[in-house]
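Asks: got a structure for you, letters missing:
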């Protein structure tokens, strides 16, 4: 396939691909949850469940994107990751960054927002006993606002 035949994916194709990938990741996550409960029981399951979901995302993208293959969602709607500048499939490092930020981006942004923006403001303007609760509420509000704004914009 020559580069003249490639076209940008429309929003509908990207959304369908994302939905298919999310569905498969949720299936993998459920299987990891079941495996964890069979091996270790339900005692600490609620503590580790978010990590199991991140692990399922990591496993999914390691076996597809990082190994230079399309995800199931991309195959489903015939999408190809393509870098128009180099006219090639994105490099291994670029794919690794994509996976890393996709899985851990919310944790990284929450850490930086809390450490460098919200905590200094809360400590200056709120009572010390209320500052921890306030920091958590403000952090949740700002992260949620950023995520929703990002979804609306892109």
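Replies: It's in. These numbers come from a predicted model, not from an experiment.
Asks: all helices of the chain, in order?
Replies: Counting by DSSP state H, the segments of the chain that form helices are 11-40, 45-63, 72-76, 92-113, 119-125, 128-153.
Asks: any idea which of these is most buried?
Replies: For the helices of the chain, the largest average neighbour count (mean count of other Cβ atoms under 10 Å) is found in helix 72-76, namely a mean of 18. (C-beta placed from N, C-alpha, C; glycine too.)
Asks: to residue 83, which of the helices of the chain lies closest?
Replies: The closest of the helices of the chain to residue 83 is helix 92-113. By Cβ to Cβ, the value is 7.4 Å.
Asks: next, the angle helix 128-153 makes with that closest one.
Replies: Angle of helix 92-113 versus helix 128-153, following axes from the mean of the first three to the mean of the last three Cα atoms, to 10 degrees, is 140 degrees.
Asks: which helices and strands sit right next to helix 92-113?
Replies: With contacts defined as 3 or more Cβ pairs under 8 Å, 6 or more residues apart in numbering; DSSP states H and E, helix 92-113 has these neighbours: helix 45-63, helix 128-153.
Asks: state the mean pLDDT of it.
Replies: Mean per-residue pLDDT for helix 92-113: 86.
Asks: hang on, the earlier thing: redo the helices of the chain as TSV? Include distance to residue 5.
Replies: Below are those laid out as TSV (distance: least, Cβ to Cβ, whole Å):
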stretch	distance to residue 5
helix 11-40	16
helix 45-63	27
helix 72-76	17
helix 92-113	23
helix 119-125	52
helix 128-153	29
